[in-house]
Structure formats: structure tokens, C-alpha cells
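Engineer: Starting from these lines, generate the structure:
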Amino acid sequence: PAEAELAPDTGVELSWRERERARKAALKTIQAREKAELSDASKATAKERLAYLMRQTDVFSHFIKSPDDAAASSSSSKGGGGGGGGRKGKGRMTEKQEDELMARQE
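Structural biologist: Below you'll find the predicted structure:
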């Protein structure tokens, strides 16, 4: 047969099952090698992402507050009288401030 393969170093014809086993074994070794390479590549990519984020610490510093910083910021007084939501006092004046502004304008 023209398509029959010969066993390495023996010159003997291989059966269909033997050829299939050899093909599967070769495929498994290739897959294992590619999986290892992909794993190494993904680890390297993860390390690169972490290094990038570490270089950007000033951008992300508000996410990395220590418990002392969090306690200090929550205990600090907030602007406004404590109304419900909204603009949180931005651009708002108290009535006294508004009266003073009106007095200066006159």
C-alpha cells in the first residue's frame, strides 16, 4: 500500500490503530507545549498589567486608603446643613451669606 507508514527504525508497516495512537501522542505533546507557552504568556501579561497599575498609583491612590485615612475623612465635617442628596451644597449659600452679598452689592 502506498499510504502505509513504516515504523521508525524498523521498516515494518504500522497498523491503522498504531498510527492513530502515534498521531494522538504527538498531538498531546504539542498541546501540552502550547498550553505551557500560553500559561507563561498569560503570567507575563498579568505581571505587565500589575506593573502598569503600580506606576499609576497616584491615579488610583483614592482606592488605596488606609483605615486611618478613611476614618479621618468620614469624621471631617461636611459642607451644607445635611439636606437630602442633590448637589451636596455646591454653589449654595446660606441665607446669611446671601444677605451679606446683597448688602455688599447695594
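Engineer: Quickly note the distance from Gln97 to Lys28.
Structural biologist: 78 Å (C-beta to C-beta, to the nearest Å). To be clear about C-beta, it is placed using only N, CA and C from the backbone, and glycine gets the same treatment.
Engineer: cool, and Arg55?
Structural biologist: Applying C-beta to C-beta, the value for Arg55 to Lys28 is 41 Å.
Engineer: now Ser15
Structural biologist: For Ser15, the distance to Lys28 (C-beta to C-beta) stands at 20 Å.
Engineer: And for Trp16?
Structural biologist: For Trp16, the distance to Lys28 - C-beta to C-beta - is 19 Å.
Engineer: how about stretch 23-31 as PDB, C-alpha atoms only?
Structural biologist: Extracted C-alpha coordinates of stretch 23-31, given in PDB (Å, rounded to 0.1, in the frame of the first residue of the first chain):
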ATOM      1  CA  ARG A  23      -0.700  10.700  16.000                       C
ATOM      2  CA  LYS A  24      -2.700  11.300  19.200                       C
ATOM      3  CA  ALA A  25       0.500  11.100  21.300                       C
ATOM      4  CA  ALA A  26       2.200  13.600  19.100                       C
ATOM      5  CA  LEU A  27      -0.900  15.900  19.300                       C
ATOM      6  CA  LYS A  28      -0.900  15.600  23.100                       C
ATOM      7  CA  THR A  29       2.700  16.700  23.300                       C
ATOM      8  CA  ILE A  30       2.100  19.600  21.000                       C
ATOM      9  CA  GLN A  31      -1.000  20.700  23.100                       C
END
